[in-house]
Structure formats: structure tokens, C-alpha cells
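# Need coordinates for the below:
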Amino acid sequence: MASYLLMKLLYRLLNPGIFAGVLLTTLVVVLAYQVRPTYAIGIGAPTDTSIVRGFNTPEVLPGDVPQPFRWTTADSYVTLRDVGRQDFNIILTVSGFRPEGQETPHLAVDAGGGTLLDIVPAPRLTNYSFK
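Just a heads-up that it's a prediction; the model follows:
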């Protein structure tokens, strides 16, 4: 009787439909972990308050496509928490413009105990890429 039940179970497991379903499910799960999400974080947008510290109130650059932004203060931070231990390709769009008489800006990006970017930003909107 036990051998009959074992044979019946083995027959069901080796059914091509079930085998293909298990294989497809495994493949989808493995591939899902290979996809790297994209995050677009707009500083100056209404949703940035949980990640920014030391920034002034939001403003908008006029133009065909209005672009929100914030002026920094002497100590401004953008902190991304709980993003896990994964590599990121980052593009940071920054303008180092300061009104006359203001101190030259300095931009440093630190992560994991190391410095990823340490620059004096250009006075116009410039993209800075780093990993």
C-alpha cells in the first residue's frame, strides 16, 4: 500500500505540467532578484521631507518644465536609510551657484564609511555620476 501511494505521488510530481510550473516559478523568483529598481528622488518635491535635513523651503525653477529645488544651508544632508547593501549608480544634479559674497559651496557624498564624491560644484546645473 505504501509503495502504491509513493508511486502515485511520484507520478504526480513528474507530471510535465507540474514540473513545468515548478520550473517556471523558480525561474521567475530567481530573475526577480536580478532586477535593480530605479529611484528618482526630487529634492524640493513634497515627498522629500523624510530624507533631507538642513535645507531651506522648496522653490521652483521656472521654465517649460518647472523643476523643484531647495537651497542648502551651511550643513545640509540627504540621508537614504534602509536601502540595503546593494550597489547604486547615482546621478546627482547640483548647481553650486551662490549669490555674490557667499562662501564657495562644497559637496561631499559619504557612504559605508567611504567618500564617493568630494567636489566644489559648478555654478550651473551639472550632473555628477558615481557608484
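
# Would you mind measuring from the spatially most central residue of the chain to residue 124?
The structure's the chain has its C-alpha centroid closest to residue 39; by C-alpha atoms, centre = their mean the separation is 4.0 Å. Separation of residue 39 from residue 124 (C-beta to C-beta, to the nearest Å) stands at 25 Å. For the C-beta atoms, the positions are set from N, CA and C on the backbone; glycine is no exception.

# same question, residue 64
Residue 64 is 17 Å from residue 124, by C-beta to C-beta.

# These two: who's more crowded?
Higher neighbour count among residue 64 and residue 124: residue 124, with 9 against 5, using other C-beta atoms under 10 Å.

# surely the more buried one meets residue 94?
No. Assessed by C-beta atoms under 8 Å, residue 124 is found out of contact with residue 94, at 9.8 Å.

# which one is residue 52 nearest to, not counting chain neighbours?
Distances taken as C-beta to C-beta, 6 or more residues apart in numbering place residue 78 nearest to residue 52, at 5.6 Å, with adjacent residues excluded.
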